[in-house]
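**Student:** pasting a predicted model and its sequence here:
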Amino acid sequence: MTPQALFDEQSRLWNGAAGQAWVESQALLDALFAPLEPLLLDGLQVHERVLDIGCGTGATTLAAARRQDAGCVGVDVSAPMLALAQARAEREGSRARFVCADAQSHGFEPASFDRLISRFGVMFFADPRAAFANLRRAASDGAKLRLIVWRSAAENPFMTLAERTAAPWLPQLPVRRPGAPGQFAFAEAQRVRELLAASGWDRVEVSPLDVPLSMPEPALVPYLSRLGPVGMALQELEEGARAALVEGLRAAFAPFVRGEWVEFEAACWLIEAQAAPLRG
Ligand SMILES: C[S@@+](CC[C@H](N)C(=O)[O-])C[C@H]1O[C@@H](n2cnc3c(N)ncnc32)[C@H](O)[C@@H]1O
């Protein structure tokens with residue numbers, strides 16, 4: 001696939017079904033991923049200008065804006081997710097701003113950010129090297145990059161169990177292509193190190209982050225029925241098949257249910273780097 005086709009595919013997804021599912025599930029997802037927020041914002045200084053990459057519905061942008069006074073921008077390709085982020089900012093009187101653009105190619109003002117953060121928002125670039133070079137130009141010399149991404153599918157069984165369970169009902173589910181834009185694109189730590197070193201970042205550290213996450217048990221079926229490839233494909237099934245699949249999913253996820261909670265561990269990488277001096 002060409003880079004343009006890869007971008008178009010992601011843009012369609014995040015402005016369509018995936019974006020809609022994230023908007024509808026905002027409260028659930030923000031509560032689920034809340035334990036990652038302090039890890040992402042650790043060390044943030046009050047005077048640092050922040051860019052939140054792939055900020056979605058804005059939880060981490062708003063959280064960063066609450067901690068600093070130098071300006072905070074969220075960039076995302078999804079118009080519906082940003083509309084919600086903007087509404088949330090207005091509701092809480094936040095000065096966070098949002099830009100609807102491809103972070104890979106957007107013409108950010110050079111050297112205008114001192115800290116670049118992202119919670120699961122950097123794995124979807126058509127050309128990650130071009131994207132991180134563009135983000136380097138947006139960063140001031142010595143700016144800090146702090147990202148949380150997923151490790152491999154194998155290390156995150158909670159995230160792939162739905163696909164494995166749904167295979168008999170949904171034989172046409174898209175196959176995950178290793179390294180291609182998507183949830184697990186940054187699973188290979190060495191690839192991430194090389195990618196950042198080649199795009200203007202140094203002092204790159206990629207460290208495992210294993211974080212217990214949980215959601216209330218009644219949220220499990222809505223989560224599985226809306227999110228991810230299965231949640232989206234499930235909408236297309238006729239009612240009987242959909243009900244049978246939901247029942248199958250609920251049974252398959254039983255090992256993750258502990259009383260009133262669903263619990264699993266998120267196997268992530270914490271990626272830290274610093275903007276290297278620009279050459280030329
Ligand atoms: C998994 S969601 C994470 C959202 C948010 N960071 C959070 O933690 O709630 C991934 C986000 O990346 C955004 N995204 C994907 N490709 C992008 C691109 N090329 N430029 C900017 N944002 C992009 C999507 O629209 C989506 O909001």
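**Tutor:** Received the coordinates, thanks.

**Student:** now for the most centrally placed residue in the chain: which residues touch it?
**Tutor:** Of all residues in the chain, the one closest to the mean position by C-alpha atoms, centre = their mean is Phe120, 2.3 Å from it. Counting by C-beta atoms under 8 Å, 6 or more residues apart in numbering, Phe120 touches Phe33, Gly54, Ile148, Val149, Trp150, Gln183. Where you see a C-beta, it was placed from the backbone N, CA and C, and this is true even at glycine.

**Student:** hmm, try it at 10 Å
**Tutor:** Applying C-beta atoms under 10 Å, 6 or more residues apart in numbering to Phe120 gives the contacts 29, 33, 36, 40, 54, 56, 60, 147-150, 183, 186, 266, 268.

**Student:** any idea how far Glu238 is from it?
**Tutor:** 32 Å (C-beta to C-beta, to the nearest Å).

**Student:** swap in Arg136?
**Tutor:** 49 Å.

**Student:** is it true that Ala143 lies in a strand?
**Tutor:** Yes - with DSSP: H, G, I helix; E, B strand; the rest coil as the criterion, Ala143 is located in a strand.

**Student:** residues in contact with it?
**Tutor:** 48-51, 111-116, 135-136, 201, 273-275.

**Student:** gap between stretch 28-37 and the chain center?
**Tutor:** 12 Å (C-alpha atoms, centre = their mean, to the nearest Å).

**Student:** list the buried ones in that stretch?
**Tutor:** Within stretch 28-37, the residues scored as buried using 16 or more other C-beta atoms under 10 Å are Leu28, Leu29, Asp30, Leu32, Phe33, Leu36, Glu37.

**Student:** same question for stretch 1-12.
**Tutor:** Leu6, Phe7, Glu9, Gln10, Ser11.

**Student:** which ones among those residues map onto helices?
**Tutor:** Leu6, Phe7, Glu9, Gln10, Ser11 (DSSP state H).

**Student:** where's the fourth one relative to the ligand, distance?
**Tutor:** Distance of Gln10 to the ligand, computed by C-beta to the nearest ligand atom, to the nearest Å: 5 Å.

**Student:** same question for the third one.
**Tutor:** As defined by C-beta to the nearest ligand atom, Glu9 lies at a distance of 10 Å from the ligand.

**Student:** return the residues in contact with that residue.
**Tutor:** Counted by C-beta under 10 Å, 6+ apart, Glu9 has contacts Met1, Phe124, Ala126, Pro174, Ala180, Pro181, Gly182.

**Student:** so is the fourth one in a helix, a strand, or just coil?
**Tutor:** Reduced to three states with three-state DSSP, the structure at Pro174 is coil.

**Student:** that older thread, out of the buried residues of stretch 28-37, which touch the ligand?
**Tutor:** Residues shared between these and the neighbourhood of the ligand are Phe33 [C-beta under 6 Å from any ligand atom].

**Student:** can I get the buried residues of stretch 28-37 in TSV including pLDDT and secondary structure?
**Tutor:** Below are the buried residues of stretch 28-37 laid out as TSV (pLDDT from 0 to 100; DSSP: H, G, I helix; E, B strand; the rest coil):
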residue	pLDDT	secondary structure
Leu28	96	helix
Leu29	97	helix
Asp30	97	helix
Leu32	97	helix
Phe33	98	helix
Leu36	98	helix
Glu37	97	helix
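
**Student:** burial measure for the residue nearest to Leu44 when sequence neighbours are not counted, as a count.
**Tutor:** Spatial nearest neighbour of Leu44, chain neighbours left out: Arg67 (5.5 Å); criterion: C-beta to C-beta, 6 or more residues apart in numbering. By other C-beta atoms under 10 Å, 13 other residues sit near Arg67.

**Student:** so what's Arg67 up against?
**Tutor:** Leu41, Leu44, Gln45, Val46, Glu48, Val50.

**Student:** do that again at 8 Å, thanks
**Tutor:** So Arg67 contacts Leu41, Leu44, Val46 (C-beta under 8 Å, 6+ apart).

**Student:** please, which helix or strand holds the last one?
**Tutor:** Which is Val46. With elements delineated by DSSP states H and E, Val46 resides in a region that no helix or strand encompasses.
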